[in-house]
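> Okay, predicted coordinates and the sequence, questions at the end:
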Amino acid sequence: MTLRPSARLLLALGGAVLALGGAALAAPATPAGEAPAKAAPVTLASHRAVYDLALSSSGGTRAVESARGRIVIDFKGDACKGYTMQTRQVTVLDSGETGNRTSDLRNTTFESADGRDFRFKTTTVLNGAASPAIDGTADAGAEGLKVRIKEPKREQVGDKGPVLFPSLHMRRLVEAARAGETTLSAKIFDGSDDGRKIYDTLAVIGRQVTAPTNAAGSERDKPLRDGPMAAVPHWPVTLSYFTQGEGERTPIYTLTFDLYENGVSGALKLDYGDFAILGDMTRLDIDKVQGTPCTP
């Protein structure tokens with residue numbers, strides 16, 4: 001038993017992060033009689049984030065007795081050149097059914113600033129044995145999504161209708177939260193798993209919170225409770241992933257997290273059905289050296 005490849009997880013954790021200095025926050029309320037101001041754009045900033053993983057709960061037929069691990073994210077880019085993200089997730093799961101299993105996932109993606117082009121490469125090592133790399137490209141146009149896989153074998157897949165890549169989805173999620181919307185549904189492609197899957201997603205967005213979520217004295221998500229992040233408004237979000245289809249379905253994977261107005265995520269919980277894992281942000285480094293503002 002291993003965790004699913006984590007491109008979508010990593011974006012939810014903080015792949016879309018705004019600059020703390022000079023970042024656009026929510027537009028102020030418009031006085032009566034005045035035209036509403038145009039919403040400030042969501043600006044993503046270069047950053048590095050580290051999350052430690054630990055078991056939250058376990059049950060069912062595939063109970064996990066213990067879990068630990070770490071996720072490291074290195075995100076760079078802007079609204080003109082696009083966004084590059086390098087991630088690594090190491091996870092150790094101990095189960096009475098399968099024994100101890102260690103997975104080491106490394107993922108690199110590039111997404112164009114307009115959200116139309118996407119490149120992805122993933123390598124996975126399970127208990128010391130390397131799996132074939134997944135390498136491919138995708139483009140999202142008016143006619144739908146086209147995916148071209150180069151490795152492990154050449155293949156093409158696609159889907160009709162609008163499909164979002166991870167960074168664009170995160171920007172849309174921040175925009176929806178700012179606007180007071182309570183749900184956001186979208187098709188998502190992130191190159192995870194075998195590089196062929198497209199997911200239906202539903203995000204449920206709670207009311208805005210303006211104070212740190214964690215109780216006083218808690219050591220969880222310390223970088224989000226200290227310094228500039230403590231004053232940033234945020235929203236509780238539940239993001240569910242479904243296999244494509246019609247009618248009522250059970251999520252195959254659910255994330256709950258606090259989405260901060262600057263794109264950072266905290267209070268993370270990953271629910272895989274048979275077990276759930278907590279993610280504790282232990283470090284957040286945001287590049288404070290910003291260049292000339294980029295206008296796409």
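Received it, and whenever you're ready, just let me know what you need. Numbering: from 1, shown residues only.

> in this structure, which ranges drop under the pLDDT threshold?
Under the criterion of pLDDT under 70, the regions of the chain flagged as low confidence span 1-39, 45, 59-63, 98, 212-218, 289-296.

> Please go through it and pick out the longest helix.
The residue-count maximum for a helix in the chain (DSSP state H) belongs to helix 166-178.

> Identify the residue spatially nearest to V232, adjacent ones excluded.
Y260 (4.9 Å; CB to CB, 6 or more residues apart in numbering). Glycine gets a C-beta too; all of them are placed from N, C-alpha and C.

> now do F75
The spatial neighbour of F75 that comes closest, neighbours along the chain excluded (CB to CB, 6+ apart), is M85 at 4.8 Å.

> Counting neighbours, what do you get for that neighbour?
Residues near M85, counting by other CB atoms under 10 Å, number 23.

> Who are the packing partners of the host helix or strand of it?
Using DSSP states H and E, M85 falls within strand 82-95. Strand 82-95 makes packing contacts with helix 7-10, strand 66-78, strand 99-111 when contacts are defined by 3 or more CB pairs under 8 Å, 6 or more residues apart in numbering; DSSP states H and E.

> what comes up buried for that strand?
Burial within strand 82-95, assessed by neighbour count using 16 or more other CB atoms under 10 Å, is assigned to 82-83, 85-91, 93-95.

> swap in stretch 273-293?
Counting neighbours by 16+ other CB under 10 Å, stretch 273-293 gives 275-281, 284, 286-287, 290 as buried.

> how about it as PDB, C-alpha atoms only?
Provided in PDB are the C-alpha atoms of stretch 273-293 (Å, rounded to 0.1, in the frame of the first residue of the first chain):
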ATOM      1  CA  GLY A 273     -10.500   6.100   3.000                       C
ATOM      2  CA  ASP A 274      -8.800   3.300   5.000                       C
ATOM      3  CA  PHE A 275      -6.500   5.700   6.700                       C
ATOM      4  CA  ALA A 276      -5.800   9.500   7.100                       C
ATOM      5  CA  ILE A 277      -2.600  11.400   7.400                       C
ATOM      6  CA  LEU A 278      -1.800  14.800   8.900                       C
ATOM      7  CA  GLY A 279       0.700  17.200   7.300                       C
ATOM      8  CA  ASP A 280       2.500  19.600   9.500                       C
ATOM      9  CA  MET A 281       4.300  22.500   7.900                       C
ATOM     10  CA  THR A 282       7.700  22.800   9.500                       C
ATOM     11  CA  ARG A 283       9.300  25.300   7.200                       C
ATOM     12  CA  LEU A 284       8.200  27.900   4.700                       C
ATOM     13  CA  ASP A 285      10.700  30.000   2.700                       C
ATOM     14  CA  ILE A 286       9.200  32.600   0.400                       C
ATOM     15  CA  ASP A 287      11.500  34.400  -2.000                       C
ATOM     16  CA  LYS A 288      11.200  38.000  -0.900                       C
ATOM     17  CA  VAL A 289      13.300  39.300  -3.800                       C
ATOM     18  CA  GLN A 290      10.700  40.100  -6.400                       C
ATOM     19  CA  GLY A 291      11.400  41.500  -9.800                       C
ATOM     20  CA  THR A 292       9.400  44.000 -11.800                       C
ATOM     21  CA  PRO A 293       5.700  43.100 -11.600                       C
END
